[in-house]
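Undergrad: have a look; sequence and predicted model below, questions after that.
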Amino acid sequence: MAGTETYPPLHKTMLRLDDIQRSQVALLTNGLLETAREPLDSTEWLDAARAASARLPGELLAALRSFRHDAGPDAVLLIRNLPVSSTVPPTPTEAGSVERTPTTSTAVITMAMLQLGEVIAFRNEKRGALVQNVVPVPGKERQQSNAGSVQLEMHSENAFHPHRPDFVGLLSVREDPTDVARLCTSSVRRALPLLSEGTRRILSEQRFLTEPPPSFGEPESVPLAHALLIGAADDPDLLVDFAATHPLDDQAAAAMAELRDALTTTTLALPLRVGDLAVVDNRLAVHGRTPFAPRYDGSDRWLHRVYACLDYRRSRAERENGGAVLR
């Protein structure tokens, strides 16, 4: 996919903070950083960030709460003009890059995501870090992961996992200097009317398998067959990874191809500027990225990524000592 002119405009669930609101978030963040000095993966840090998040500007809290209630037709929320760290180091280039030390940008995304649910991570993904870096990595250009720079196929985040996140937050710390990279999203609510009745039926049957992404290493169990459309027939959830989901028969393959075409037709391509936070409802939307050419000189595109789930209790058996990291 190339060129933003081929994409429909965003039916915007969008909030741009004014300068006063941005300053309010910055002051709140500074206070959190001064009083909560524990590693940002610690329970103490999350408790402090959760408490601070309740004091975010009212309009921002309202936008997050409204999105949590109903993600709208596009299932993506874009919040602009958030504060990030005043001095940003060179973009990391190592594989598995994460953030362990609280900063302005890590605090901002953590507080925002804590208003959507509870922040979670996965032990086998980036060593269980709660704030992960999405950066291009030399030698991994063609990998279907956050480290690659070829077109990243549309996918539900961690589609293979029974406790996949409900929301995925992506905060831009440094934008692509070539202004080519785009976050792509597509909602089942937009795509569903384009599907035939027969295709909807097949997609609602357990005729597909999804493998873990490369970042999770070797799978610990055999994947189970699942449907791609789940729940209410007129407003289903979507579960697919076009790089890792495989149809089990020819009819399923044809239905999956029709779904892919519908999602492509309704794809949005969003340029993320510094201070932009995009939140994707992982139940309703898939996301990916257009290809771009990294420079590996410290100036490349850099996002922070944080997951949130609505039902924290549901995954308790998978979280050691009641922490935020799932097995």
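TA: That came through, no problem. Since the model is a prediction, treat every value here as computed from it, not as a measurement. Numbering: from 1, shown residues only.

Undergrad: residue 316: what's it in contact with?
TA: By C-beta atoms under 8 Å, 6 or more residues apart in numbering, the residues touching residue 316 are residue 322. No exception for glycine: its C-beta is placed from N, CA and C like everyone else's.

Undergrad: residue 322 versus that one, what's the distance?
TA: Computed with C-beta to C-beta, to the nearest Å, the distance linking residue 316 and residue 322 is 7 Å.

Undergrad: show me where pLDDT drops low in the stretch 151-300 of the chain?
TA: Across the stretch 151-300 of the chain, residues meeting the criterion (pLDDT under 70) sit at 214-215, 217-221.

Undergrad: okay, strands next: where are they in it?
TA: Along the stretch 151-300 of the chain, counting by DSSP state E, counting those that start in this stretch, strands occupy 152-155, 167-174, 183-187, 208-210, 229-230, 237-238, 245-247, 268-270, 277-281, 285-289.

Undergrad: so how far is the second one from its chain's centroid?
TA: When you say that, I think you mean strand 167-174. Remark: strand 167-174 is offset 7 Å from the chain centroid, using C-alpha atoms, centre = their mean, to the nearest Å.

Undergrad: with stretch 222-229 instead?
TA: Stretch 222-229 sits 21 Å away from the centroid of its parent chain (C-alpha atoms, centre = their mean).

Undergrad: kindly report the same for stretch 63-82.
TA: Here stretch 63-82 shows a centroid-to-chain-centroid distance of 13 Å under the convention C-alpha atoms, centre = their mean.

Undergrad: start and end of it, how far apart?
TA: Stretch 63-82 has an end-to-end distance of 14 Å (C-alpha to C-alpha, to the nearest Å).

Undergrad: also stretch 115-134?
TA: When the termini of stretch 115-134 are compared using C-alpha to C-alpha, they are 22 Å apart.

Undergrad: now it: mean pLDDT?
TA: The pLDDT scores in stretch 115-134 average 94.

Undergrad: mind listing what's buried in that stretch?
TA: The neighbour-count check on stretch 115-134 (16 or more other C-beta atoms under 10 Å) flags 115-122, 124-126, 128-134 as buried.
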